[in-house]
Structure formats: structure tokens, C-alpha cells
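Trainee: I need the structure of the sequence given here:
(2 chains)
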2 protein chains.
Amino acid sequence: MNPSATPVAQVLESYRAAVHAKDVEAFVALYDADVQVFDMWGQWSLSGIAAWRAMVGEWFGSLGTETVRVDIEGLRVEAGQDVSAAHAFLTFTGVSAQGKELRSMTNRLTMVFRRTGAGWKIAHEHTSAPIDHATLKAILQRAPAV
Amino acid sequence: MNPSATPVAQVLESYRAAVHAKDVEAFVALYDADVQVFDMWGQWSLSGIAAWRAMVGEWFGSLGTETVRVDIEGLRVEAGQDVSAAHAFLTFTGVSAQGKELRSMTNRLTMVFRRTGAGWKIAHEHTSAPIDHATLKAILQRAPAV
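Mentor: Numbers count the residues shown, from 1 in each chain, chains lettered A, B, ... in the order given. Model (predicted):
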């Protein structure tokens, strides 16, 4: 990867670590205060860090003793001076306290980063799954070859 | 809007015009040769301008005498020196040759732009609709208040 992509890749690593630790504060710290998220589930958009913090608090709180492993594939970074972007396929795997994989789901992720005085922050995030045209249902498993 | 957002907004205007004119060449000219698209329908990703040209050719070719009007709401631009991004809600309305509105569907759109010798080009595009958690079905109409 181009060295200029490193700061963005580091934010993604911090994202993985925060999800695995279910650490709301570490997660929220990756985002800009006026972030706007096009999240995959239920709503058209979430605006501002308070709404995003509420979503992630609910997510992490729902996990009980499970943890979530995030695997990143196909990462591509557009590294800029003051704005950067990244997109990838993220697979979220639920793992029991005993280390058993319980379920798995893949998303498409796009993040837009703005360079601030406190480092690179996520200003916009968009997650989705492709939609089957015939059934209008989300496709949540990605075939390895695609 | 910040004046630095103008070049990106101009690409979006050209996108609207190319869709309305069903002009494959004008549409394709907005994109970088190695564009990667996370399109809403059916596939996880489309890589490279040839795959994207094939998709848009099929779309425009399927329209017969209909035209498509694109309405853009909630546009936000992250304007950078060499990389920029934009996101918005796009409503696509099919209009008959007689001017009658036939159907309408809203998408969430994120575009990432790279500044090249030939101007700002779309290097990545991500379109989606939110997914209802209970049914796993795409939500294709956006309530005005959201």
C-alpha cells in the first residue's frame, strides 16, 4: 500500500480493535463530531456523533459475552492531503466467550476521512449489502470469487 | 456551499445531465479508468470502467422512450486538495415520453473524487438503500421527515 495510505489504514485498525473491545469511547473517538452515517440497517442516515454513539452503545450492549471479529478484505485507499477515503469488504463474525464462531455477515464499507488538528477523523461512513433485484432482499454473504 | 465544493457539485450536475440524456459516453467520462463501484443491485462490486460502461449501457438501453430525472437532496461535500467526497440522497424518477411520472426510487449515494490532469474524476461510488432488519428487504422510499 502507498505509505500515504497508512494513517487511514491505522484508523481502520483502531476501528477493528474498538469493536473487538466493545469500547464505545474508543470507537466514537475515531469519528468527527458532525459525522453523517449511511448505516446499513433501518434508517436512511444518522447525523452527529450523539446519534452515532447511541447506535454503537446499543450494538455493543446487545452482545453480552460475545465478541465481534472484523475481517477486512479488498481495502482500497484514496489518500489525499486533507481529505482521504477508503472502501473495503468487512466481515463481522460473532464469537462466543468460549471462542466458537456463531454467525458471520459481510458489509461493503466506504469511509471518508478529514484531517483535523486531532488527526484523521471519519466524517462520513456508508455501509450496505447488495440487493437482489427479484426479491429486494439484502445479500449478506459474499462468495469468495466475487 | 463552500466554493471549494463547486467542482464536485459540477460533476454531480454532469451526472444528472448524462442520465437524463441517456448518454453513455458523457456518463462514463465522469469516472476514473480504475473506478470501483459498490452498486446497489445484485453484485458486491464492479471494477474498472469497462464493467461500469456495460452496466450503464444496459440501464440506458432498457429505458426505451422513457427518461430518468435525478433529484439530489441533502448534498454534503468534503472538499480536499486532491481527493474529495460527496454524499446525498438521489431520487430517480422514470418519466414517460408524454411527461408522466411512472415510478420513483431513492438511493443513498457516496462518491469519492480524485483530481487528475483531466479534472475531478469519480474513483469510487457506493449506492444503497437501508435494509429493514425484520424482513431483510430494501427500503426504497424515503419519508420526507427523515
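Trainee: only C-alpha atoms for contact and neighbour calcs from this point on.
Mentor: Noted.
Trainee: so where does the closest residue to A:I49 other than its chain neighbours fall, helix or strand?
Mentor: Excluding the flanking residues, the one nearest A:I49 by Cα to Cα, 6 or more residues apart in numbering or on different chains is A:A33, at 5.0 Å. Assigning secondary structure by DSSP states H and E places A:A33 in strand A:31-38.
Trainee: any residue of the next helix-or-strand element following that strand up close to chain B?
Mentor: Scanning forward in sequence from strand A:31-38 by DSSP H and E, the next helix or strand is strand A:46-47. No: residues of strand A:46-47 contacting chain B under Cα under 8 Å from any Cα of the partner chain: none, with a closest distance of 9.4 Å.
Trainee: quick one: average confidence on strand A:46-47?
Mentor: Summarised as a single mean, pLDDT over strand A:46-47 is 96.
Trainee: Check the offset of it from the chain's centre.
Mentor: Taking Cα atoms, centre = their mean, to the nearest Å, the mean C-alpha location of strand A:46-47 is offset from the chain mean by 15 Å.
Trainee: which other helices and strands contact it?
Mentor: Contact analysis of strand A:46-47 by 3 or more Cα pairs under 8 Å, 6 or more residues apart in numbering or on different chains; DSSP states H and E lists strand A:31-38 as its packing neighbours.
Trainee: So in chain A, which strand runs the longest?
Mentor: Assignment by DSSP state E gives strand A:101-116 as the longest strand of chain A.
Trainee: Name the strands paired with it and say parallel or antiparallel.
Mentor: Using DSSP bridges, strand A:101-116 pairs in its sheet with strand A:83-95 (antiparallel), strand A:119-128 (antiparallel).
Trainee: Extract the CA atoms of the first one and return them as CSV.
Mentor: Yep, that's strand A:83-95 we're talking about. Extracted in CSV, the C-alpha atoms of strand A:83-95 (Å, rounded to 0.1, in the frame of the first residue of the first chain):
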residue,chain,number,x,y,z
VAL,A,83,-9.4,14.5,2.7
SER,A,84,-9.0,10.8,2.2
ALA,A,85,-11.3,7.9,1.6
ALA,A,86,-11.2,4.1,1.9
HIS,A,87,-13.5,1.3,0.9
ALA,A,88,-13.4,-2.4,1.6
PHE,A,89,-15.5,-5.5,2.4
LEU,A,90,-15.9,-6.0,6.1
THR,A,91,-16.9,-9.4,7.6
PHE,A,92,-18.3,-9.3,11.1
THR,A,93,-18.1,-12.6,12.9
GLY,A,94,-19.8,-13.1,16.3
VAL,A,95,-17.6,-15.2,18.6
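Trainee: Now do that strand against strand B:31-38, angle only.
Mentor: Per axes from the mean of the first three to the mean of the last three Cα atoms, to 10 degrees, the angle that strand A:83-95 makes with strand B:31-38 is 20 degrees.
Trainee: Give me the contacts around strand A:83-95.
Mentor: A:8, A:66-79, A:101-115, B:78-85, B:112 (Cα atoms under 8 Å, 6 or more residues apart in numbering or on different chains).
Trainee: Filter those down to the buried ones.
Mentor: With neighbours counted using 16 or more other Cα atoms under 10 Å in any protein chain shown, these contain these buried positions: A:8, A:66-70, A:72, A:76-79, A:106-115, B:78-80, B:82-85, B:112.
Trainee: ok so A:T65 is a helix residue?
Mentor: No: assigned with DSSP: H, G, I helix; E, B strand; the rest coil, A:T65 falls outside any helix and is coil.
Trainee: neighbours around the residue nearest to A:I49, how many?
Mentor: Residues near A:A33, counting by other Cα atoms under 10 Å in any protein chain shown, number 16.
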